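Chemist: coords please:
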Amino acid sequence: MADHERPAHGGRLLMGVAWTVLLLGLWLWGREVTEVRPGGSAQVSGDIAAVGRPASPRLPPAARPLGDALPLRLDIPVLDLRAPVAARGLDAHGAIDPPPYAQAGVVGWYAAGVKPGAPGAALMTGHVDTRSRAAVFHRLGTLRPGATLRVLRGDGRVAEFTVDDVRVVPRDRFDAHQAYGAHRTGRAELRLITCAGTFDRATGGYPANLIVSAYLTGTGTGP
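Modeler: Have a look, this model is predicted:
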């Protein structure tokens, strides 16, 4: 994995090109992300939303999307997680270039895409583990629908999201449009993405991606 950030794409045309490349290449996401060494605990595989879960809670209505503002920090209160956010681009394979392993506690945001809180689906990625320790999204698979995600933004506002889906998608059945496109037109949505399954020593990676989907349900003020 490259240890440097790629420059964000600018302009509508470049953003369109970036999204096309992203949707074609995100199913490969993890070739570098998942080249972690054994030592971290394994994630479960299969559709988490359908296994051993009580009836889904009543979810709140969607809030009106916000304007553009850079994300600064991701908070997941139920996981006691407060992580800085770093803008990232695409790697040589056309997938999101995550933060380097030396910054395993940092969340990467795809800077050529949607800003969290704005209309559309904003994408964030993070490592599940490293060579020797758990990483920022180590416990992401324990989230359930109804959980709250908070993104502190550069405009001083906090975009509050509610989780509505948590699932594991095998790489051989990955559908980038379904995974990363907005689920409902006009909503502000957020995707958190990491590796899933049991680490495969033969391939040096994980067999699936964990995808947490959420939508904007409120706003607050920082920090």
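Chemist: where do the strands sit along the protein?
Modeler: Taking DSSP state E as the criterion, the chain carries its strands at 71-76, 81-88, 107-110, 120-125, 148-153, 157-170, 188-196, 208-221.
Chemist: kindly reformat those as TSV containing mean pLDDT, distance to residue 137 and mean neighbour count.
Modeler: C-betas here are computed from N, CA, C, even on glycine. Shown next, in TSV, are the strands of the chain (pLDDT from 0 to 100; distance: least, Cβ to Cβ, whole Å; neighbours: other Cβ atoms under 10 Å):
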stretch	mean pLDDT	distance to residue 137	mean neighbour count
strand 71-76	98	9	21
strand 81-88	97	9	18
strand 107-110	96	8	26
strand 120-125	95	8	24
strand 148-153	98	12	22
strand 157-170	94	12	21
strand 188-196	92	4	26
strand 208-221	93	8	20
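Chemist: and those strands: which comes nearest residue 65?
Modeler: strand 188-196 (4.0 Å; Cβ to Cβ).
Chemist: now the angle from the closest one to strand 208-221?
Modeler: In terms of direction (axes from the mean of the first three to the mean of the last three Cα atoms, to 10 degrees), strand 188-196 departs from strand 208-221 by 140 degrees.
Chemist: with adjacent residues omitted, what lies nearest to residue 146?
Modeler: With Cβ to Cβ, 6 or more residues apart in numbering as the criterion, residue 146 has its nearest non-adjacent residue at 4.1 Å, and that residue is residue 57.
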